[in-house]
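In: missing the sequence, but the structure's below:
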């Protein structure tokens, strides 16, 4: 059984007991959260598709930890002009574990 869920503006394929990284959520570590924006649910071959969301469907998860992702280097250059710009970025992430698809 799996579901497609909209979490913080991104769509994720989630299954029970799976751990995923999402954009930083405003929840304490160890807190239980619920997502109501379920787009699709597949339960042993029977697929249910929402328009745009499925009424009454929800996904429950637990916040494991807050962390920062890998560093991404942004390098800009214009050739023959002497222009270079180097910048770095680390995305704030939250690791969650899916507990239940209802």
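Out: Yes, it's here. On a predicted model such as this, the values are computed, not experimentally measured, just so you know.
In: Quick check: beta-bridge partners of residue 43?
Out: residue 46 (DSSP bridges).
In: So it is in contact with residue 3, correct?
Out: No. Under the contact definition of C-beta atoms under 8 Å, residue 43 does not touch residue 3, with a separation of 9.0 Å. Every C-beta, even on glycine, is put in place using the N, C-alpha and C of the backbone.
In: Which of those two has more residues huddled nearby?
Out: Between residue 43 and residue 3, counted using other C-beta atoms under 10 Å, the more crowded position is residue 3 (24 against 11).
In: which residues does that one contact?
Out: Residue 3 makes contact with 13-15, 38-42, 57, 59, 101, according to C-beta atoms under 8 Å, 6 or more residues apart in numbering.
In: what's the answer for residue 101, then?
Out: Residues in contact with residue 101, defined by C-beta under 8 Å, 6+ apart, are 1-3, 14-16, 41, 57, 59.
In: and residue 61, how many neighbours?
Out: A count of neighbours around residue 61, defined by other C-beta under 10 Å, yields 26.
In: helices or strands up against the helix or strand harbouring it?
Out: Per DSSP states H and E: residue 61 is located in strand 59-78. The contact analysis (3 or more C-beta pairs under 8 Å, 6 or more residues apart in numbering; DSSP states H and E) places strand 59-78 against strand 32-35, strand 83-101.
In: Now do the shortest one: everything it contacts.
Out: Strand 32-35 has contacts (C-beta under 8 Å, 6+ apart) with 5-7, 25, 27, 58-63, 96, 99.
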